[in-house]
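# got a predicted structure plus its sequence, pasted below:
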Amino acid sequence: MLGTVIKFDRVKGYGFILPDDETLPDFFVLPKFIMEPRCRRFLFAGWRVEFDAVTIEENPQAHNVKILSRPVAIQRSAPTPGGAK
């Protein structure tokens, strides 16, 4: 299943993924279910992911989460008045 990360709190250790199928609810995700090396088991809002949908005690969870894209922001400095020196 494909989706987009809508929230992930690294301090609290959980987040939520919004599936592409709008008829489904948000999926809860824990770092241990992110398929990355241990030091990189985190997500950021806006990242596209692929995951397995699992229901545990009537709560939808995302397991085997694979990161598909990591958007990169490029910060550009404003031009300096009078040109660069």
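Sure, I can see it.
# going forward, measure contacts and count neighbours with C-alpha atoms only.
Will do.
# what's the average pLDDT for the lengthiest strand in the chain?
Determined from DSSP state E, the single longest strand within the chain is strand 59-69. For strand 59-69, the per-residue pLDDT values average out at 94.
# for this structure, give me the ranges with low pLDDT.
Scanning the chain for pLDDT under 70 picks out 72-76, 78-85.
# sorry, back to before: buried residues in the longest strand of the chain, which are they?
Buried residues in strand 59-69, counting neighbours by 16 or more other Cα atoms under 10 Å, are found at 60-67.
# and it, what does it pack onto?
Helices and strands touching strand 59-69, by 3 or more Cα pairs under 8 Å, 6 or more residues apart in numbering; DSSP states H and E, are strand 27-29, strand 48-56.
# count the neighbours of T23 for me.
Each residue near T23 was counted by other Cα atoms under 10 Å, and the total is 7.
# residue contacts, V54?
For V54, the contacting residues are 60-63, by Cα atoms under 8 Å, 6 or more residues apart in numbering.
# and what of D20?
By Cα under 8 Å, 6+ apart, the contact set of D20 is 1-4.
# for stretch 57-76, which outside residues touch it?
Residues outside stretch 57-76 that contact it (Cα under 8 Å, 6+ apart) are 17, 25-29, 33-36, 46-55.
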